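Visitor: Structure for this input, please:
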Amino acid sequence: MKAFAIQQEKTIQAIEMAEPQMSATDVLIEIHYIGLCGSDLSSYRGLMPFVTLPRVPGHEISGVILKKGSAVPDTLTVGDRVTVSPYTRCGVCPSCRSGRDNCCQYNQTLGVQRDGALTERIAVPFEKVFTSTKLSPTGLALVEPFSVGYHGANRGEVHETDTVLVIGCGTIGMGALSAAVRKGANVIALDIDDSKLEKARRFGAAHTINSSSENVRERIDAITNNEGVSVVIEAAGSPATFNMALDLVCFSGRIVTIGYSKNETGIKTQLIVSKELNIYGSRNALRVFPAVIGMIEQNEALFLEMITKIFPFDETPEAFAYWDANPGTVSKILIKVK
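Guide: Model prediction:
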């Protein structure tokens, strides 16, 4: 069967793969759409530390069940429209033993530590599969990235009395923003792109700040009566934005970092101590897929606005080249496989 693999920096080519092998607890999924993630772009650029090349990318999955193993429960049937949690768990590391298998020490995410789903069919354990009778195939492809953002809001323990600053309004940042709005928080969206900030307003942000043209400190002080925000969710992944989070969060506040910098951040440790901050890393997603599916089902048309462009399967190399050339204007690219 056909797949696309990143062979070396900025080179992705069609390859032939063997048909997936199924166990009794697996389902065989026909891939319809794959969303491209920032990690896929980083792999394409040769900047992803967890990836060895060649690698088949893709972990934002939409498809249909073609076949099920003999031990798969009746809750899943052939023909179901599905998405997939692309992470693994070892069951024995400290994270898994504590119930936080989203950050399993030995996790192997599809398309990162192991070959992914940018192919025609994949076999996955049934417990990794989530269905929706309401979402379109394109909507299902958005579930995983929005789940990562949603988990970030959970890590920050966001509630209705919080003022939450979301830095970076890509798909994952918008997932965090959507979750914070759903939890009743007063949400501020920050980005350098006005079109992304306009989307943030439609997703429920009460305030938006363009950090390239506005004085961020003055805006935050005006919104918070000079106190700072109670929660910052950093989804941009740069040294500047992480230190911005330290500056803008209030005393005894909380910072969640979903994005991670490829460079040294130069952390202002004096602010961590003097403000007695709680700083949380946020990795993958933990038991939020059903909640995110329900959230998108309530207003799928709004979430579909995050899709910048859809490329046919055979134009996968063009899709990566397009994103590489236009990183600031892309929210989400989908590959239509079927």
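
Visitor: any chance you could map the helices in the stretch 1-150 of the chain?
Guide: Assigned by DSSP state H, counting those that start in this stretch, the helices in the stretch 1-150 of the chain fall at 38-44, 94-97, 137-140, 143-155.

Visitor: And the first one, what's buried?
Guide: Yep, that's helix 38-44 we're talking about. Neighbour counts over helix 38-44 (16 or more other C-beta atoms under 10 Å) mark G38, S39, D40, L41, S42, S43, Y44 as buried. Heads up, the C-betas are built off the backbone N, CA and C, glycines and all.

Visitor: Equivalent analysis for the second one, please.
Guide: For helix 94-97, a neighbour-count test (16+ other C-beta under 10 Å) marks S95, C96 as buried.

Visitor: Helices of the stretch 151-300 of the chain, residue ranges please.
Guide: 171-182, 194-202, 216-224, 239-248, 269-274, 289-298, 300-304.

Visitor: what helices or strands is the shortest one leaning on?
Guide: In terms of contacts (3 or more C-beta pairs under 8 Å, 6 or more residues apart in numbering; DSSP states H and E), helix 300-304 is packed against helix 137-140.

Visitor: which residues sit against the helix it packs on?
Guide: For helix 137-140, contacts defined as C-beta atoms under 8 Å, 6 or more residues apart in numbering pick out 32-33, 61-63, 81-83, 132, 296-297, 300, 303-304, 307, 310, 334.

Visitor: pretty sure M48 is touching S39, no?
Guide: Yes - checked against C-beta atoms under 8 Å, the pair M48 and S39 is within contact range at 5.9 Å.

Visitor: Now the common contact residues for those two.
Guide: Common neighbours of M48 and S39, using C-beta under 8 Å, 6+ apart, are V112.

Visitor: can you list the weak-confidence ranges in the stretch 101-250 of the chain?
Guide: Within the stretch 101-250 of the chain, no range satisfies pLDDT under 70.

Visitor: Could you find the closest non-adjacent residue to the residue nearest the centre of the chain?
Guide: The chain has P145 as the residue nearest its centroid, 2.8 Å off, counting by C-alpha atoms, centre = their mean. Setting aside the residues directly before and after it, P145 is nearest to T171 in space (C-beta to C-beta, 6 or more residues apart in numbering), at 4.4 Å.

Visitor: and the gap between that neighbour and N225?
Guide: Distance, T171 to N225, using C-beta to C-beta, to the nearest Å: 32 Å.

Visitor: So for these two, which residue has more residues nearby?
Guide: A side-by-side neighbour count of T171 and N225, using other C-beta atoms under 10 Å, places T171 first with 26 against 8.

Visitor: The more buried one touches F146, doesn't it?
Guide: Yes - proximity of T171 to F146 meets the contact threshold set by C-beta under 8 Å, at 6.8 Å.

Visitor: separation between the residue nearest to F146 when sequence neighbours are not counted and K332?
Guide: Spatial nearest neighbour of F146, chain neighbours left out: G175 (3.8 Å); criterion: C-beta to C-beta, 6+ apart. According to C-beta to C-beta, G175 and K332 sit 11 Å apart.

Visitor: The two: which is more packed in?
Guide: More crowded of G175 and K332, by other C-beta under 10 Å: G175, with 34 against 24.

Visitor: Distance check, that one against S95.
Guide: 21 Å.

Visitor: repeat for V256
Guide: In this view, V256 and S95 are 17 Å apart by C-beta to C-beta.

Visitor: got it, and S23?
Guide: 24 Å.

Visitor: In contact with K10: list those residues for me.
Guide: When contacts are counted by C-beta under 8 Å, 6+ apart, K10 is found next to Y44, R45, G46, F320, A321, D324.

Visitor: Name the nearest of those residues relative to A205.
Guide: Among these, D324 lies closest to A205 (C-beta to C-beta), at 28.5 Å.

Visitor: what's near enough to touch the closest one?
Guide: D324 touches K10, L41, Y44, R45, counting by C-beta under 8 Å, 6+ apart.

Visitor: Please determine how far the residue lying closest to the second one once chain neighbours are set aside is located from T171.
Guide: Excluding the flanking residues, the one nearest L41 by C-beta to C-beta, 6+ apart is W323, at 5.6 Å. In this structure, W323 and T171 are separated by 12 Å, where distance is defined by C-beta to C-beta.

Visitor: swap in D74?
Guide: According to C-beta to C-beta, D74 and T171 sit 33 Å apart.

Visitor: same deal with R219?
Guide: 24 Å.

Visitor: next one: phi and psi at A321?
Guide: Backbone torsions of A321, given as degrees, to the nearest 10, read phi -60, psi -40.

Visitor: in stretch 108-126, what counts as buried?
Guide: 109-113, 115-124, 126.

Visitor: actually stretch 55-72, not the one I typed
Guide: By 16+ other C-beta under 10 Å, the buried positions in stretch 55-72 come out as 55-65, 68, 72.

Visitor: Equivalent analysis for stretch 82-96, please.
Guide: Buried residues in stretch 82-96 (16+ other C-beta under 10 Å): V82, T83, V84, S85, P86, Y87, T88, R89, C93, S95, C96.

Visitor: In strands, which of these appear?
Guide: Judged by DSSP state E, strands contain the following of the buried residues of stretch 82-96: V82, T83, V84.
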